[in-house]
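Chemist: okay, here's the prediction I keep looking at, along with the sequence it came from:
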Amino acid sequence: MSSRILRYGLLILALAGFLALALPQLHQLPARAAGDEDYRRMRLLTEVLNQIKSKYVEQKKADELLTQAVKGMVSSLDPHSAYLTPEEYKELQVETKGTFSGVGIVITMRDGTLTVVSPIEGTPAFKAGVEAGDRIIKIDGKLTKGMSMMDAVKAIRGPKGSKVVLTVLRDGLGKLKDITIVRDMIPLQSVRHNVLEPGYGLIRITNFQEDTTDKLKNALKELQSQKPPIKGLILDLRTNPGGLLTEAVNVADQFLDKGLIVSTKGRLPEQEMVFKATPGTSAGDYPVIVLINQGSASASEIVAGALQDHQRAVLLGTPTFGKGSVQTILPLDDLGALKLTTARYYTPKGRAIQAKGIVPDVEVLWVTPPPKEPKKTDSSSAPLREKDLRGAIPAEGQAAPAEDGKGSEPEKKKNKLLFDKERLQRDNQMVRALDLLKALQVYSNSPTASR
């Protein structure tokens, strides 16, 4: 046995002994028995390592074998736990800060298959037609079966301008589909905002990163300063794969001035945390509709669940992904890290998100309605109204139309925040949300509405 193998073996044995001694709830005798069993299994690992090192058909380094052993052990826990090498740990740190080169998708393992949680809006994958729920069968012709999450991420990412081919299986498609994507720098612009119609605003959050809350506050401020100011808001969290827990809590806090936002529960007392809203909000006291779908995961589910439980918003769309577990990043001595699932998320009413997701109050599928053909009318069939008569007296408070068909006043400058009408009409969920928002606003102003 080489000195390096012996060193790794001793290190593993020492770690096993430490873990056995670190369980104060066990009595001394059972702890020693558990430690003996751990030692036996660790010796098995050392023996297998030695046999591979000396007899395998190709020469293998002990470092590589032990790294794969650790990766296999951690990945067997759940789809979100992983051992990160020093290089992978650096990549993870970059993702939460701004820009990286790739295609712009969030992936997970579902039933042993590499699956797209959601494409990030505006990225090459989004533009190429990758959809939430797509199962990635091959990457550049290589089968993904048995491939680890981190290896899949490495295979999909690459230099700007290079191509990658994802072979996906999509529900309802019935056959494999090759999607060629040109890699690019992925700018994580987390917040966008628009005016849907005068008085009705839209804020789209694509992911939760370090500056999301600040950008949300700015968006709310600009929308609320419009003329007329908004009297209803749509918060779009569709295909939002999540991000930083602290930002999700802070975003929900902009709509809530008291009460629980989310709690976590794990095996250890320090893994049980409670996050509460603080007094004061950035959002006004107007109706809010939150759009969700199967691509809404993790942090976006926290926001949706909190606003739903506090009845601060109506959720519209389809059930969310159901990723309700907490991952803690534990730096290691080799400059890598352990991404370990340590707790579960719970909504203010104690609902578990994990593997259940958030169910919308109003379930609406995203369906693109067929384009409406313009009706062919002539002067004899078109309905005639008083305002259509030449020289008719204009309605009170309105100026008479100019005879040449051009407005007498200069055309008002178009609002740069105005959302594209054609794009709106193609989004069935958005249309339904806007209709519901108007109904809620009318009802809230009704004399019969409860106060």
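Modeler: Nice, I can see it.

Chemist: how many residues are close by the residue lying closest to Arg192 once chain neighbours are set aside?
Modeler: Nearest non-adjacent residue to Arg192, counting by C-beta to C-beta, 6 or more residues apart in numbering: Arg204, 4.6 Å away. Placement of C-beta: from N, CA and C, glycine included. Close neighbours of Arg204, defined as other C-beta atoms under 10 Å, add up to 20.

Chemist: so Arg204, which of the three states?
Modeler: At Arg204 the chain is in strand, as set by DSSP: H, G, I helix; E, B strand; the rest coil.

Chemist: pLDDT wise, what is it at?
Modeler: pLDDT recorded at Arg204 is 96.

Chemist: kindly report the same for Tyr443.
Modeler: In this prediction Tyr443 is given a pLDDT of 73.

Chemist: right, and the residue nearest to Arg192 touches His193 too?
Modeler: Yes - assessed by C-beta atoms under 8 Å, Arg204 is found in contact with His193 at 7.2 Å.

Chemist: from Asp257, how far out is Ile136?
Modeler: 43 Å (C-beta to C-beta, to the nearest Å).

Chemist: higher neighbour count, the two?
Modeler: Ile136 (22 against 14).

Chemist: residues making contact with the helix or strand harbouring that one?
Modeler: Here Ile136 sits within strand 135-139, counting by DSSP states H and E. Contacts to strand 135-139, defined as C-beta atoms under 8 Å, 6 or more residues apart in numbering, come from residues 107, 110, 113-116, 143-144, 147, 152, 155-156, 164-170, 176.

Chemist: now, of those residues, which are buried?
Modeler: Among the contacts of strand 135-139, those classed as buried by 16 or more other C-beta atoms under 10 Å are 107, 114-116, 144, 147, 152, 155-156, 164, 166-170.

Chemist: just these: which are in strands?
Modeler: Ile107, Leu114, Thr115, Val116, Val164, Leu166, Thr167, Val168, Leu169 (DSSP state E).

Chemist: between strand 163-169 and the strand holding Ile136, find me the angle.
Modeler: Relative orientation of strand 135-139 versus strand 163-169 (axes from the mean of the first three to the mean of the last three C-alpha atoms, to 10 degrees): 140 degrees.

Chemist: CA atoms only: put strand 135-139 into CSV for me.
Modeler: Provided in CSV are the C-alpha atoms of strand 135-139 (Å, rounded to 0.1, in the frame of the first residue of the first chain):
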residue,chain,number,x,y,z
ARG,A,135,-35.7,15.8,-19.8
ILE,A,136,-32.2,16.0,-21.1
ILE,A,137,-31.3,12.6,-22.5
LYS,A,138,-28.1,13.5,-24.2
ILE,A,139,-25.5,16.3,-24.2
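
Chemist: I'd like the numbering to begin with 395 instead of 1 from here.
Modeler: In the new count, where the first residue is 395, that last one comes out as strand 529-533.

Chemist: can you give the distance of it from its chain's centre?
Modeler: 20 Å (C-alpha atoms, centre = their mean, to the nearest Å).

Chemist: repeat for stretch 576-592
Modeler: Using C-alpha atoms, centre = their mean, the offset of stretch 576-592 from its chain centre is 14 Å.

Chemist: end to end, how far does it reach?
Modeler: Using C-alpha to C-alpha, to the nearest Å, one end of stretch 576-592 lies 38 Å from the other.

Chemist: tell me which residues in that stretch are buried?
Modeler: Result for stretch 576-592 [16+ other C-beta under 10 Å]: buried residues Arg577, Asp578, Ile580, Leu582, Gln583, Ser584, Val585, His587, Asn588, Val589, Leu590, Glu591.

Chemist: with stretch 671-690 instead?
Modeler: In stretch 671-690, counting by 16+ other C-beta under 10 Å, buried: 671, 675-678, 680-690.

Chemist: try stretch 730-741
Modeler: In stretch 730-741, counting by 16+ other C-beta under 10 Å, buried: Gly730, Ala731, Leu732, Lys733, Leu734, Thr735, Thr736, Ala737, Arg738, Tyr739, Tyr740, Thr741.
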